[in-house]
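Undergrad: Requesting a structural model of the entry that follows:
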Amino acid sequence: MTVLVIALTVLSARVADACSVCFGDPNAQMTKGAEQGVWVLLGVMILVQAGFGTFFFHLRRRARRFRDPQPRPTFRLVKG
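TA: Model (predicted):
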């Protein structure tokens, strides 16, 4: 019974028509919109990665400053 259902499903499937994006029309509006969407998402990803890098660089500098504090100036009494 299962084999019959699978066979009927495969044999009765219609041919799928591809849209202009899938078919590859480079001048279609959907293709241009999809390309612009890819560029926007790439830009967002680069900004997020840059933000993480800047944040971790800031933490590294702050940890160094905390670990190796600058020596405090010593005050001596000058007799004069």
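Undergrad: Tell me which stretches of this protein form helices.
TA: 2-11, 20-23, 29-67 (DSSP state H).
Undergrad: Which one of those helices lies nearest to L77?
TA: helix 29-67 (30.4 Å; CB to CB). Yep, even glycine has a C-beta here, placed from its N, CA and C like the rest.
Undergrad: how distant is that closest one from the center of its chain?
TA: On the basis of CA atoms, centre = their mean, to the nearest Å, helix 29-67 sits 7 Å off its chain's mean C-alpha point.
Undergrad: Mind listing what's buried along it?
TA: T31 (16 or more other CB atoms under 10 Å).
Undergrad: And it, what does it pack against?
TA: Under the contact criterion of 3 or more CB pairs under 8 Å, 6 or more residues apart in numbering; DSSP states H and E, helix 29-67 touches helix 20-23.
Undergrad: helices and strands of the protein: which one has the lowest mean pLDDT?
TA: Within the chain, no helix or strand scores below helix 20-23, which has a mean of 64 by mean pLDDT, DSSP states H and E.
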